[in-house]
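# okay, here's the prediction I keep looking at, along with the sequence it came from:
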Amino acid sequence: MNRRVIPALAAALALSAAASVATVSTAEADDQTLTVMSLNTWHGGSQVPDGVNTTVQEIKASGTEVVALQETDKAVTKQIAEKLGWENYTQSGSDVDIISSQPIEKVDSLSDLAVAAKIKGVWVYSIHLGYTKYGPYNACFDKDSYETIYADEAERKEQAEKIVKWAGSAPSIIAGDLNSPSHMDWTEKTKAKHCDSVVEWPATKAFANGGYGDSYREVNPDEAASPGDTWSPKNATNSDYGNKPEPQDRIDFILYKGGSLDATSSKVYGGEKENWPSDHRAVITQFTL
């Protein structure tokens, strides 16, 4: 399937000490708020002309303080951060990293699955779940049974549960590409959009069961009026399935729990311009701390 080519996730999801961090900046910001973006960089900006610089321009225009990156690497992460003038970034050695205009206090990682940076006393995670057996294709193209759909979601469910367990109970923000829609979106109210299906997507359920709120859906509670689709502004049709319309869905999330964290605004960002540097839209949420 050439929906997109993503480096394979490591099979072992054990704690890793491989992440490193570049520190520290003295940038001034409101200590009572934190603005976070989740952005899949589409192979580090390599799929569009001048992709790294275009990515930098879009991040700068967004006004965000912290960006959870997916489909990047050490070199691209460093380039993006330095072009922004940000001295704080992780170097996980996998395809997830975090860049920040604010000082990073600590760093940790969970194999190739997630990297975490403590910023303003809050752990921020960039995550990227497995991409095979993409659920909307099961439902819309293959017309699979619910039993088959849930069976094919087992890997993402397991990965989500591992992240929840690893993150623990500290105030935390989990941002990334889940390669899964939300159980809060595929409802009776929206089944006409979703191939006449109502699906309790296991990955997002795992985070919800772990106490994580979905910042976008909390701020925009009507799933029909505000679908928040992030996949895909670049793909209108799917060549693998006879150029049928590509299912448009919300698969990028900013989740949170703990302490006094509260999502005060959340929006989907980008995708309108021809030179938008990703095949995903970004998500931006502002929190009060």
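Noted; the coordinates are in hand. Numbers count the residues shown, from 1 in each chain.

# list phi and psi for G242.
phi 70, psi 30 (degrees, to the nearest 10).

# equivalent analysis for I284, please.
phi -130, psi 130.

# got a list of what it touches?
I284 makes contact with 35-37, 62, 64, 254, 266-267, 269, according to CB atoms under 8 Å, 6 or more residues apart in numbering. (Each C-beta comes from the backbone N, C-alpha and C, glycine too.)

# by neighbours, which of the residues you listed wins?
Counting neighbours by other CB atoms under 10 Å, the top entry in these is V36, with 28 neighbours.

# just give the strands next to the strand or helix carrying that one in its sheet, each with its orientation.
Following DSSP states H and E, one finds V36 within strand 33-40. For strand 33-40, the pairing partners within the sheet under DSSP bridges are strand 66-70 (parallel), strand 282-288 (antiparallel).

# single out the most deeply packed of the ones you listed.
For these, the largest average neighbour count (mean count of other CB atoms under 10 Å) is found in strand 66-70, namely a mean of 29.

# not counting its own residues, what contacts it?
34-41, 59, 77, 80, 95-102, 117, 119, 124-128, 175-177, 254.

# show me where the stretch 1-150 of the chain has helices.
With helices called from DSSP state H, counting those that start in this stretch, the stretch 1-150 of the chain shows them at 51-62, 74-84, 135-140, 146-152.

# please apply the same query to the stretch 151-289 of the chain.
154-167, 202-209, 215-219.

# elements contacting the longest one?
With contacts taken as 3 or more CB pairs under 8 Å, 6 or more residues apart in numbering; DSSP states H and E, helix 154-167 sits against strand 106-110, strand 114-119, strand 122-128, helix 202-209.

# repeat that for the second one.
The elements that helix 202-209 packs onto, with contact taken as 3+ CB pairs under 8 Å, 6+ apart, are helix 154-167, strand 213-214, strand 252-257.

# mind listing what the residue nearest in space to the middle of the chain touches?
Centroid-nearest residue in the chain, with CA atoms, centre = their mean: G176, separated by 1.6 Å. For G176, the contact set (CB under 8 Å, 6+ apart) comprises 38, 68, 70, 96, 114, 125-129, 252-253.

# without its sequence neighbours, what residue ends up closest to it?
In this structure, G176 finds its nearest non-sequential neighbour in I127, 3.7 Å apart by CB to CB, 6 or more residues apart in numbering.

# is that neighbour bridged to anything, and to what?
Beta-bridge partners, per DSSP bridges, of I127: A114, G176.

# how near is F207 to D152?
According to CB to CB, to the nearest Å, F207 stands 19 Å off from D152.

# ok so, going back, wait, which of the helices of the stretch 151-289 of the chain is closest to V52?
For the helices of the stretch 151-289 of the chain, the distance to V52 is smallest for helix 215-219, at 26.6 Å, taking CB to CB.
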